[in-house]
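Student: Got a predicted structure plus its sequence, pasted below:
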Amino acid sequence: MSGELRLDHAVASGTFSLDGETFDVDNNLWVLGDDDECVVIDAPHSVDAILDLVAGRTVKAILLTHAHDDHCRVAPELRERVVAPIFLHPDDKPLWELTHTDYLWDLDLPDGWELEVAGTRVQTLHTPGHAPGGCCFHVEDLGAVFTGDTLFQGGPGATGRSYSDRPQLEESIRAKLFALPDDTVVHTGHGDDTTIGAERAASADW
């Protein structure tokens, strides 16, 4: 036996740049798997910080929620270090190319696509709005969804910059995320966890 499914978490600090502005940000790092294999969700600022969570396990995939630089900056370097493919929704190609001009990701993330890791299914939910190719990853066995910058504790992600659309983001959340059970834990790209139920209840104030 390789051990039970577990989620490892850390926070990495760096910058986010878009539309000619740069901000300091703290990003959540998420690694899901068992004692033998895992997937990495987003690759923001520090390869070494991610490798500390991987802890020598086989990485099956690098799953990107979207291609803002604070979520994908070290993905190509991480790919080389762990020899694992990068997955990204193709609608985020314009954002990817703002950060990576010499590399592409490896495989596209279609809506509904599933990956198995440690005997557990990770399902892709395409949730455009914060970014055109924004995706969330639902792990039913864990009772959790990884939302990147689509949904935070307190509401939807930001939509004030290029390639974002607030009405589209709200529709994505209502159609895809609010279809999940209320007790589903929301693991975000920045900040604290929340639940689908809490955010559904608060959505009347959007």
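Tutor: In hand now; what should we look at?

Student: how many other residues sit next to the residue lying closest to T120 once chain neighbours are set aside?
Tutor: For T120, ignoring the flanking residues on the chain, the nearest one in space by C-beta to C-beta, 6 or more residues apart in numbering is D141 at 4.6 Å. Just so you know, the C-beta spots here come from the backbone N, C-alpha and C atoms, and that holds for glycine as well. If you count neighbours by other C-beta atoms under 10 Å, D141 ends up with 11.

Student: how close does D141 sit to G189?
Tutor: Here the distance between D141 and G189 works out to 21 Å (C-beta to C-beta, to the nearest Å).

Student: what do you get for A49?
Tutor: In this view, A49 and G189 are 15 Å apart by C-beta to C-beta.

Student: list the contacts for the residue nearest to T120?
Tutor: L5, T120, R121 (C-beta atoms under 8 Å, 6 or more residues apart in numbering).

Student: Could you do H138 as well?
Tutor: V122, Q123, L125, A144, V145, L180, T184.

Student: Residues in a beta bridge with it, which ones?
Tutor: Applying DSSP bridges to H138 yields these beta-bridge partners: Q123, V145.

Student: Nearest to R73 among the contacts of H138?
Tutor: The shortest approach to R73 among the contacts of H138 belongs to V122, at 22.2 Å (C-beta to C-beta).
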